[in-house]
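K.L.:
Provided below for reference: sequence and predicted model.
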Amino acid sequence: MSAHLFGVADGLKALADKKLSSLEWTNALLERVAAHEALGAFLHVDAAAARAAAAQADTRRAAGNSAALLGVPLAHKDIFVTTAHPTTAGSKILKDYRSPFDATVVARLNAAGTFSLGKLNCDEFAMGSANENSAYAKVHNPWDATRIPGGSSGGSAAAVAARLLPASTGTDTGGSIRQPASFTGITGIKPTYGRCSRYGMIAFASSLDQAGPLARSAEDCALLLSAMSGFDERDATSLQQPPQDFHAQMLKARDGASAARPLAGLRIGLPKEFFPAALDADVNSAVRAGLAELEKLGATLVEVSLPRTELAIPVYYIIAPAEASSNLSRFDGVRYGHRCEDPKDLLDLYKRTRSEGFGPEVQRRILIGSYVLSHGYYDAYYLQAQKLRRMIADDFQQAFTQCDLIAGPVAPTVAWKLGEQGDDPVKAYLADIFTLPGSLAGLPGMSVPVGSGAHGMPVGLQLLGNYFQEGQLLHAAHALQRATDWHRATPKGF
Amino acid sequence: MALTLDDVSRIAHLARLDCPPAQAQALLGQLNGFFDIVETMRAVDTTGVQPLYTPLSSVQEVALRLREDVVTETNQREANQVSAPAVEDGLFLVPKVIE
């Protein structure tokens, strides 16, 4: 097997068995990264540093070091600040920015023995669902280069789907891990809000932002998530829970389970609002095929209701821009980043710096956010949205009295064509309908490949769990992947 | 309720964004398109519902955590100023603000 095909778990096993060195693995990946530069997945690659880190990992392994992920090559979404590489958040305003510190997620993955090949392309400040809002390059979907890979973690997803990396990091504010994972046929998990530290993750919407891994299997996601997550005193909203071994939780057999029926007793709720008449037939049938497999494995399907699913769109697109307008006020051309030429006074400095530095979608969201927070509109928009947010979260708790997990499509369609949405931002917002409710509630969620839909494009099954139930999600996804081959499908030419 | 061109210019100023008239016109259409979908949200009766500012407070008490009031950071002035657009003698430079 060619070295670039290893995932995280089988790569670690090959390293332990001395059938592979981290340097061989890394060289094979770097070759592919260079060969597939046209995908636009990477914003920055440092081959020499990656080779040095790989060689060092091999030396440490030979000396008996047993860090959990020792020698695993990764790359980080360019929303995580890193000392080893520039960090741009996909924005011109941070061109050539060098962080004086590493994000906690990056530091923890480094401590576990991984290293990064570089930084992965994303929508500017993670605002987008097609990766067309990157200031640097569009990302192409490896399944069809004329289509988008999803967003905002589009580079993270495309690189893993194209076998340029065994796994990557991403962030999910309104679906930015789940939706690109779905569109590129890979597996991704957004954990419970607060599970991964937001320290050093460039802030978009602080009450929604969560980090998570994208990989080719639930098992690989479990290994990465265990290393990435955990309490961090530097993040005020970090969950104060002991470190979790998600891999062990994933493997733990359910009471009453058997080899043939590992999911016996598991109740999976299907919200009727996630299967509207307008849902594309190809997406519906792929999702139903996935659900039928889960049933074969012992799960029971029950109908539930999330009556405010459609309202999640306006609620999210009020709250997220409100928080973004506040977070992005720090970009003022003074302490770091772009500064306009010859400002005549401070106001001119701020205005021109920000207008030159931010792209159109970021500016739109800042405007929406500033408006809904402004005097006289706060109650009608922002406060109303926060009240509805509670109602949406309560709906989930009601549904979870009837089921253990919730399932449905990740997105209403497969990946669309580059440029297809023109300059109508609302069209793109509407396509986020199935990922936004879980984000607003702060619940853990996954995308798991369940075959293909129209034009041979991948379809993901979304699984949502109750708070802290990542182990249960990963257990169900792992059972599905042991019984099926959907997650092994590889795009032609890769 | 539809926004006007004046609203767009006012908000752009509040957000410290430069917004020439041609751009304001294009934005106006997009923002009004957006606020159309927001109307469904405004119509919902939320009397007596407590706003949810942080997700986990829907199922448990979330208290703000305070750290000990001790020095935890070391001086990293040079590292912190590496990406600054204009620095002199360790100070950030801005345009003259006092005549």
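P.N.:
Received it, and whenever you're ready, just let me know what you need.
K.L.:
show me where pLDDT drops low in chain B?
P.N.:
Low-confidence segments of chain B (pLDDT under 70): B:1, B:99.
K.L.:
Centroid-nearest residue for it?
P.N.:
residue B:15 (7.7 Å; CA atoms, centre = their mean).
K.L.:
who touches the nearest residue to that one once chain neighbours are set aside in this structure?
P.N.:
Nearest residue to residue B:15, sequence neighbours excluded (CB to CB, 6 or more residues apart in numbering or on different chains): residue A:370, at 4.1 Å. C-beta coordinates here come from the backbone N, C-alpha and C atoms, glycine included. If a contact means CB atoms under 8 Å, 6 or more residues apart in numbering or on different chains, then residue A:370 has A:325, B:11, B:14, B:15 as its contacts.
K.L.:
And those residues, which is closest to residue A:65?
P.N.:
Each of the contacts of residue A:370 was scored against residue A:65 by CB to CB, and residue A:325 proved nearest at 45.8 Å.
K.L.:
got a list of what whichever residue of chain B sits closest to chain A touches?
P.N.:
Chain A sits closest to residue B:55 of chain B, with a gap of 2.5 Å, by CB to the nearest CB. Shown in contact with residue B:55 (CB under 8 Å, 6+ apart): A:193, A:207, A:208, A:393, A:440, A:441, A:442, A:443.
K.L.:
Could I get the contacting residues of the residue nearest to the centre of chain B?
P.N.:
A:325, A:354, A:366, A:367, A:369, A:370.
K.L.:
Now for these: which two are most distant?
P.N.:
Top of the distance list for these (CB to CB): A:354 and A:369, 13.4 Å.
K.L.:
how about the nearest residue to residue 31, chain neighbours excluded?
P.N.:
In the absence of a named chain, this looks at chain A. Per CB to CB, 6+ apart, closest to residue A:31 is residue A:4, 7.6 Å.
K.L.:
Sorry, I should have been clearer: chain B.
P.N.:
That would be residue B:3: by CB to CB, 6+ apart, it lies 5.6 Å from residue B:31.
K.L.:
neighbours around the one you found, how many?
P.N.:
18 (other CB atoms under 10 Å in any protein chain shown).
K.L.:
Please look at it and residue B:33 and confirm they touch.
P.N.:
No - in this structure residue B:3 lies outside contact range of residue B:33 using CB atoms under 8 Å: 10.6 Å.
K.L.:
Any figure for the gap between residue A:471 and residue A:262?
P.N.:
Counting by CB to CB, to the nearest Å, the gap from residue A:471 to residue A:262 is 14 Å.
K.L.:
for residue A:339, same thing?
P.N.:
Distance from residue A:339 to residue A:262, by CB to CB: 58 Å.
K.L.:
Repeat that for residue A:254.
P.N.:
From residue A:254 to residue A:262 the distance is 7 Å (CB to CB).
K.L.:
Kindly report the same for residue A:230.
P.N.:
Distance of residue A:230 to residue A:262, given as CB to CB: 28 Å.
K.L.:
Quick one: residues contacting the one residue in the stretch 301-450 of chain A that gets nearest to chain B.
P.N.:
Closest residue of the stretch 301-450 of chain A to chain B, CB to the nearest CB: residue A:442 (2.5 Å). If you count contacts by CB under 8 Å, 6+ apart, residue A:442 has them with A:192, A:193, A:194, A:208, A:210, A:393, A:467, B:54, B:55, B:56, B:58.
K.L.:
Residue A:134 now?
P.N.:
A:40, A:43, A:90, A:121, A:122, A:123, A:124, A:154, A:155 are the contacts of residue A:134 under CB under 8 Å, 6+ apart.
K.L.:
The last one - how many residues pack around it?
P.N.:
Right, the one you point to is residue A:155. Neighbours around residue A:155, by other CB under 10 Å: 35.
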